[in-house]
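Peer 1: sequence and predicted structure, then a few things I'm wondering about:
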Amino acid sequence: MKQVALWGPPSSGKTVWLAQLYIRLQRTNTNWQVFPASSATQAFIEEMRNLMTNQRRFPQGTTLENPVKIEYEFRHPAFPEHRRVFIEDRAGAVSLGETPDWLEAFSKVDGLVVLLDPNRQEYLSEVQTALENFYHKAREAGGQTDDRPVAFCLPKIDRLLRDANEVEFALQHPDAFVRDQLPADFIRFIEQYTGSRHKFFPVSAIGVQMDFGVIRPTVYYDERFELRLLPDGAPIHLLTPFEWLFQELG
Ligand SMILES: Nc1nc2c(ncn2[C@@H]2O[C@H](COP(=O)(O)OP(=O)(O)OP(=O)(O)O)[C@@H](O)[C@H]2O)c(=O)[nH]1
Ligand SMILES: [Mg+2]
């Protein structure tokens, strides 16, 4: 049983991604299947399906008191055993604060997904601080260097993509696409901290709509200035970072 943790500051898109991972994977042409593995996960899915698919609204920020432990079981015919992933969907504030229990939890997982949200002014230094704390804690516990795989993800990439060529590049060359967006010294820092076991992915949980090569947004503001979802966006790298982690974890 493998355990993967998801790190991301407030509003970086963790809850939406985890919801879409189940809701949209059902409708995607992939050999991976995902199953809710706990009643809390089932309840989370029902709530998100009602909110996002029926009402076309986004969830509220996850509260500090109310983390949801998402337990998905991933199955694939080529893997003899099912991959089970426990992801605790915590409020982003926990990711930034260095609470001892979160650091402790991180030191026990097998792999990590880190969201790099460029909408936050200090996002690169926030990520650096978090990684330094994680690795310090992990070394304290294990006494060795840390070679766990990390998938670094650039969320909400739909906002950045301008045409069909960019979508294609993001889909075909995820690592190169994100490297182009990040400063060289940040990439050097990542390489120093995570060795060779890291990969970058552009992610859009809600995706884009393509109309004869033209990109249409999948969100709009309604008459109350509330951000709403349009149906039928094609998500970008919804599952790929997890697939890559499963492969790395063997
Ligand atoms: N354009 C776009 N916006 C997104 C996407 N995912 C999330 N958002 C927006 O980002 C907001 C925050 O997303 P959440 O998934 O709630 O973020 P979170 O990381 O769970 O936030 P906390 O629970 O506060 O830590 C949503 O209300 C949407 O407005 C996406 O794929 N594309
Ligand atoms: Mg959340």
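Peer 2: Structure's in. What do you need? Numbering: from 1, shown residues only. Ligands and ions are numbered 1, 2, ... in the order given.
Peer 1: going forward, measure contacts and count neighbours with C-alpha atoms only.
Peer 2: Noted.
Peer 1: who touches stretch 168-176?
Peer 2: Contact with stretch 168-176 is made by 177, 199-202, 236-237, as judged by Cα atoms under 8 Å, 6 or more residues apart in numbering.
Peer 1: any idea which of those residues has the most stuff around it?
Peer 2: If you count neighbours using other Cα atoms under 10 Å, the busiest of these is Pro202, which has 29 neighbours.
Peer 1: just give the nearest non-adjacent residue to it, would you?
Peer 2: Leu154 (4.7 Å; Cα to Cα, 6 or more residues apart in numbering).
Peer 1: ok, back up a step: identify, from the contacts of stretch 168-176, the entry nearest to Thr218.
Peer 2: Ile236 (12.4 Å; Cα to Cα).
Peer 1: surely the closest one and Glu166 touch.
Peer 2: No. Under the criterion of Cα atoms under 8 Å, Ile236 makes no contact with Glu166, lying 11.7 Å away.
Peer 1: enumerate the residues of this structure near ligand 1.
Peer 2: By Cα under 6 Å from any ligand atom, the part of the chain that sits against ligand 1 consists of 8-16, 58-62, 91-92, 156, 158-159, 204-206.
Peer 1: switch the contacts of stretch 168-176 over to a markdown table; also include secondary structure, distance to Val113 and pLDDT.
Peer 2: Shown next, in a markdown table, are the contacts of stretch 168-176 (DSSP: H, G, I helix; E, B strand; the rest coil; distance: Cα to Cα, whole Å; pLDDT from 0 to 100):
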| residue | secondary structure | distance to Val113 | pLDDT |
| --- | --- | --- | --- |
| Phe177 | helix | 17 | 97 |
| Lys199 | strand | 10 | 96 |
| Phe200 | strand | 10 | 97 |
| Phe201 | strand | 10 | 98 |
| Pro202 | strand | 12 | 98 |
| Ile236 | strand | 16 | 96 |
| His237 | coil | 13 | 96 |
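Peer 1: select, from those, the two members most distant in space.
Peer 2: Lys199 and Ile236 (15.5 Å).
Peer 1: just the CA atoms of the longest helix seen in the chain, as CSV, please.
Peer 2: Longest helix in the chain, counting residues (DSSP state H): helix 123-142. What follows is helix 123-142, C-alpha atoms only, in CSV (Å, rounded to 0.1, in the frame of the first residue of the first chain):
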residue,chain,number,x,y,z
TYR,A,123,5.0,30.8,-4.1
LEU,A,124,8.5,29.7,-4.9
SER,A,125,10.0,30.6,-1.6
GLU,A,126,6.9,29.0,0.1
VAL,A,127,7.6,25.8,-1.7
GLN,A,128,11.3,26.0,-0.8
THR,A,129,10.6,26.5,2.9
ALA,A,130,8.1,23.6,2.9
LEU,A,131,10.6,21.2,1.2
GLU,A,132,13.4,22.2,3.5
ASN,A,133,11.2,21.4,6.5
PHE,A,134,10.0,18.1,5.0
TYR,A,135,13.5,16.9,4.2
HIS,A,136,14.9,18.0,7.5
LYS,A,137,12.1,16.0,9.3
ALA,A,138,12.6,13.0,7.0
ARG,A,139,16.3,12.9,7.6
GLU,A,140,15.7,13.2,11.4
ALA,A,141,13.5,10.2,11.2
GLY,A,142,15.5,8.0,8.8
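Peer 1: quick one: buried residues of it?
Peer 2: Neighbour counts using 16 or more other Cα atoms under 10 Å place 123-124, 126-127, 130-131, 134-138 of helix 123-142 among the buried residues.
Peer 1: was I right about Ile87 contacting Lys14?
Peer 2: No. Contact criterion Cα under 8 Å: Ile87 and Lys14 do not qualify, at 10.2 Å.
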